[in-house]
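Colleague: this one's sequence-less:
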């Protein structure tokens, strides 16, 4: 690992056995369903990632883009430590805050306030630390009186607000974001991107998975493109996004007009 790197993936491969929905999660299973079916017919494990290597430097915001099922969420799960590689090495340094799935770490019968304490503790905060930041977390979420109501009555956007509000107030070394900003309204998204810019200025490292290429281009200083579980491009956002758009326009790899 280079001296300023905070995340390293070295020759990482991740495969799932058939029937491992409990391991990969419902979202991952559904995204990879066609590949699972093909693997079942061949009686072999499905590979979500194959021989992926990359370093993320301290203070980087790395965007990860690609089609559904390309391995983006699996990559975040490996960095977060909720998944283990089938082969290869994953190395991280510092406190990691993962925002990988709406409602993860929440109890839907508890109120928003109660879930702030629950989620904060799961993310490594102490009770006193949460109490000190409680007013800021509540204000950032913009949930108003709903903060005292059970999370089961929240919309998906409100759940996303609450999760992001807790995450950005624990001062992580590494923040992992997987499409959770897509559910918020424009005003809340503006607040989130402003907070992400503030984190970058503070040297906090971020991994940002999104289909919003405009947002990726604005906030990220490096971008990785995954295709069918392989890292096919890594570099400047403008270049990698252009390569991805070309892939989308020509999925079979042919030149236009051929």
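Modeller: Now that the structure is in, tell me what you want to look at. Because the structure is a prediction, the values reported are computed rather than measured.

Colleague: tell me where the protein has helices.
Modeller: Per DSSP state H, the chain carries helices over the ranges 21-31, 33-42, 72-80, 112-122, 127-141, 156-168, 186-201, 213-219, 237-249.

Colleague: output those helices as JSON lines; include the columns mean neighbour count and distance to residue 105.
Modeller: Every residue, glycine included, has its C-beta placed from N, CA and C. Compiled in JSON lines, these are given as follows (neighbours: other Cβ atoms under 10 Å; distance: least, Cβ to Cβ, whole Å):
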{"stretch": "helix 21-31", "mean neighbour count": "16", "distance to residue 105": "14"}
{"stretch": "helix 33-42", "mean neighbour count": "13", "distance to residue 105": "26"}
{"stretch": "helix 72-80", "mean neighbour count": "24", "distance to residue 105": "12"}
{"stretch": "helix 112-122", "mean neighbour count": "20", "distance to residue 105": "5"}
{"stretch": "helix 127-141", "mean neighbour count": "15", "distance to residue 105": "13"}
{"stretch": "helix 156-168", "mean neighbour count": "23", "distance to residue 105": "8"}
{"stretch": "helix 186-201", "mean neighbour count": "15", "distance to residue 105": "18"}
{"stretch": "helix 213-219", "mean neighbour count": "17", "distance to residue 105": "24"}
{"stretch": "helix 237-249", "mean neighbour count": "15", "distance to residue 105": "30"}
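
Colleague: let's check: the centremost residue of the protein is which one?
Modeller: Centroid-nearest residue in the chain: residue 178, 2.8 Å away (criterion: Cα atoms, centre = their mean).

Colleague: wait, doesn't that residue sit right on residue 99?
Modeller: Yes - if you go by Cβ atoms under 8 Å, residue 178 and residue 99 touch, sitting 6.5 Å apart.

Colleague: that older thread, what sits against the residue nearest to the centre of the chain?
Modeller: 72, 73, 76, 98, 99, 100, 101, 209 (Cβ atoms under 8 Å, 6 or more residues apart in numbering).

Colleague: would you turn these into TSV with pLDDT and distance to residue 241?
Modeller: Output for the contacts of residue 178, formatted as TSV (pLDDT from 0 to 100; distance: Cβ to Cβ, whole Å):
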residue	pLDDT	distance to residue 241
72	93	15
73	88	19
76	92	19
98	83	24
99	78	22
100	72	23
101	67	25
209	93	14
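
Colleague: now render these as TSV, adding distance to residue 132.
Modeller: Output for the contacts of residue 178, formatted as TSV (distance: Cβ to Cβ, whole Å):
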residue	distance to residue 132
72	34
73	33
76	29
98	22
99	21
100	26
101	27
209	30
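
Colleague: pLDDT score for the closest residue to residue 217 other than its chain neighbours?
Modeller: Leaving out its chain neighbours, the residue that sits closest to residue 217 by Cβ to Cβ, 6 or more residues apart in numbering is residue 237, at 4.8 Å. pLDDT recorded at residue 237 is 96.

Colleague: thought residue 168 was touching residue 195?
Modeller: Yes - the pair residue 168 / residue 195 is scored as a contact, 5.0 Å apart, by Cβ under 8 Å.

Colleague: name the residues contacting each of the two.
Modeller: With Cβ under 8 Å, 6+ apart, residue 168 and residue 195 have common neighbours residue 140.

Colleague: and residue 152, how many neighbours?
Modeller: 12 (other Cβ atoms under 10 Å).
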